[in-house]
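J.: model this:
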Amino acid sequence: MRLINLFKSLKLISQVQIVRCSSEYVPKALRSLKAKSTRNTVQYYVDSFRVRAVGGSGGDGCISFLSAWCKDHAGPDGGDGGNGGHVIFQATYSCKSLNHCKSVTQAKHGERGFNKECNGKNAQHVVVPVPLGTIIRDSTARVVGDLSSEGMMFVAARGGAGGRGNKFFLTDTEQAPSVAELGAVGETNVYTLEVRSMAHIGLIGFPNAGKSTLLRALTRARPTVAPYPFTTLRPHIGMVQFDDYEQVAIADLPGLIPGSHKNYGLGIQFLQHAERCLGLIFLLDGTSSPLQQYSTLSHELRAYSPSLAERRALIVLNKMDTVEARQALEELKGDLDVIAISAKTGENLPVLVKALRDIYDAGER
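T.: Predicted coordinates:
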């Protein structure tokens, strides 16, 4: 019996080694058998956020005179006020988005001073975790912080210093000072936080091209899918898992229309999302002039940023489950090198996933 169990364990170990040594990268489960969440709350990805940071004010100093049982006038004993808290942004690997940020982040105030030379308590600093690579801009759009490494901090608003009590003002000539300082007011600053790297791959295309359906097919993300345009108003992020434990993030970006570089539609906001992706996927609707769609998308990217137009990209023709898309594929064979898929039925999705992994590996190098 022991020999049989030993043989089974050795067989399992050899199978694991074969999987790890495989040179092909394929997803663990292209269509996960585990059911998706049924919660109505949909998590959006926030890659740009405007924050007003308010530091805590310092506590006021105390005016007090000690009166002991053996000495009525024992002198001043007013304590100092505590310092106000700072507002600090800290980069961390555990944070991937700016969803948790609040529009107004305020630190607590310092405690006032007490009699018997008791100083007030200093307020705790408010540390806001932000994703690694977050860029911080001030109200004039000037970059004032770049949190590029784990644990790096940026003091957004300093807390005010605590005021001194009347004990501090005791001198040889002034034995009974009746004056104390007020606590200093904390700083108030306005910043714009931007995540430098949003996702590895960004899906761009016209409204109703099937971007949300494709993201649902490849990942466990749950973007809204509907037969009307602009169902996606905010980016959604999904993760494609591979058998070597690598994860590739894919972003479903809002639809692009002609004139987006002039701020038509979602305009500049959409193009800023695309600029923070390592690579792009031009998702073309096979039922509606795909060649013209690709020409418009390329023009919009080039007009917004020439470097964005030169980024690594894949051209994907969607909706191959329709007759119109198959006819369009025959017309595109001589013009574009496309990957024909159907996000609805799952046709040819493994080929697309392998191409995504190639873009990810090239970008990591």
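J.: quick check, A325 in contact with E331.
T.: No: contact criterion C-beta atoms under 8 Å: A325 and E331 do not qualify, at 10.7 Å. All C-beta spots, glycine's among them, are computed from the backbone N, C-alpha and C.
J.: let's verify V240: helix, strand, or coil?
T.: strand (DSSP: H, G, I helix; E, B strand; the rest coil).
J.: just give the nearest non-adjacent residue to it, would you?
T.: V248 (4.7 Å; C-beta to C-beta, 6 or more residues apart in numbering).
J.: right, and that neighbour touches L356 too?
T.: Yes: using C-beta under 8 Å, V248 is in contact with L356, at 5.8 Å.
J.: and these two? which has more neighbours close in?
T.: Shown here are V248 and L356; by other C-beta atoms under 10 Å, V248 has more neighbours (25 against 22).
J.: quick one, what contacts that one?
T.: By C-beta atoms under 8 Å, 6 or more residues apart in numbering, the contact list for V248 reads 200-201, 239-240, 242, 356-357, 360.
J.: and it, how far from G159?
T.: From V248 across to G159, the span is 42 Å (C-beta to C-beta, to the nearest Å).
J.: V126 too?
T.: 9 Å.
J.: now the common contact residues for those two.
T.: With C-beta under 8 Å, 6+ apart as the test, V126 and G159 both reach 85-86, 107.
J.: any idea how far S288 is from the residue nearest to L283 when sequence neighbours are not counted?
T.: Counting by C-beta to C-beta, 6+ apart, G205 is the residue found nearest to L283 once chain neighbours are left out, at 3.8 Å. According to C-beta to C-beta, G205 and S288 sit 11 Å apart.
J.: which one's more surrounded, the two?
T.: G205 (24 against 15).
J.: just the pLDDT for that one.
T.: What the model reports as pLDDT for G205 is 81.
J.: how is this protein carved up into domains?
T.: Domain ranges of the chain: 44-196, 198-364, per automatic domain parsing.
J.: residues near S307, how many?
T.: 10.
J.: brain fart, L98
T.: Applying other C-beta under 10 Å, I find that L98 has 20 neighbouring residues.
J.: where along the stretch 1-150 of the chain do the helices fall?
T.: Secondary structure of the stretch 1-150 of the chain (DSSP state H, counting those that start in this stretch): helices at 2-20.
J.: again, but for the stretch 251-365 of the chain
T.: 267-275, 290-304, 306-309, 323-332, 349-364.
J.: any idea which of those gets closest to C70?
T.: Evaluated over those, closeness to C70 peaks at helix 267-275, with 73.1 Å, by C-beta to C-beta.
J.: quick revisit: now do the shared contacts for V248 and L356.
T.: By C-beta under 8 Å, 6+ apart, the residues touching both V248 and L356 are 201, 240.
J.: of the contacts of V248, buried ones?
T.: 200-201, 240, 242, 356-357, 360 (16 or more other C-beta atoms under 10 Å).
J.: biggest separation within those residues, which pair?
T.: Maximum distance among those (C-beta to C-beta): 13.4 Å, for I201 and F242.
J.: the more surrounded of A325 and E331?
T.: Applying other C-beta under 10 Å to A325 and E331 shows that A325 carries more neighbours, namely 21 against 11.
J.: in what helix or strand does the closest residue to S48 other than its chain neighbours lie?
T.: Among residues not flanking S48 along the chain, E194 sits closest, at 5.1 Å (C-beta to C-beta, 6+ apart). Following DSSP states H and E, the helix or strand that holds E194 is strand 188-195.
J.: counting contacts, what elements does whichever helix or strand comes after that strand pack onto?
T.: Per DSSP H and E, strand 188-195 leads on to strand 199-204 as the next helix or strand towards the C-terminus. If you count contacts as 3 or more C-beta pairs under 8 Å, 6 or more residues apart in numbering; DSSP states H and E, strand 199-204 packs onto helix 211-218, strand 247-252, helix 267-275, strand 277-285, helix 349-364.
J.: who does strand 199-204 pair up with?
T.: Strand 199-204 has the following strand partners under DSSP bridges: strand 247-252 (parallel), strand 277-285 (parallel).
J.: and the most centrally placed residue in the chain, what is it in contact with?
T.: For the chain, the residue lying nearest the average C-alpha position, counting by C-alpha atoms, centre = their mean, turns out to be S97 (2.2 Å). By C-beta under 8 Å, 6+ apart, the contact set of S97 is 45-47, 131, 195, 237.
J.: out of those, which is nearest to E150?
T.: Nearest to E150, judged by C-beta to C-beta, of those is P131 at 11.0 Å.
J.: I'd say the closest one and A91 touch.
T.: Yes: in this structure, P131 is within contact of A91 by C-beta under 8 Å, at 7.1 Å.
J.: in the stretch 51-200 of the chain, where is pLDDT below threshold?
T.: 197-198 (pLDDT under 70).
J.: quick one: the strands in it?
T.: Using DSSP state E, counting those that start in this stretch, the strands of the stretch 51-200 of the chain run over residues 87-92, 104-106, 126-131, 134-137, 143-147, 153-157, 188-195, 199-204.
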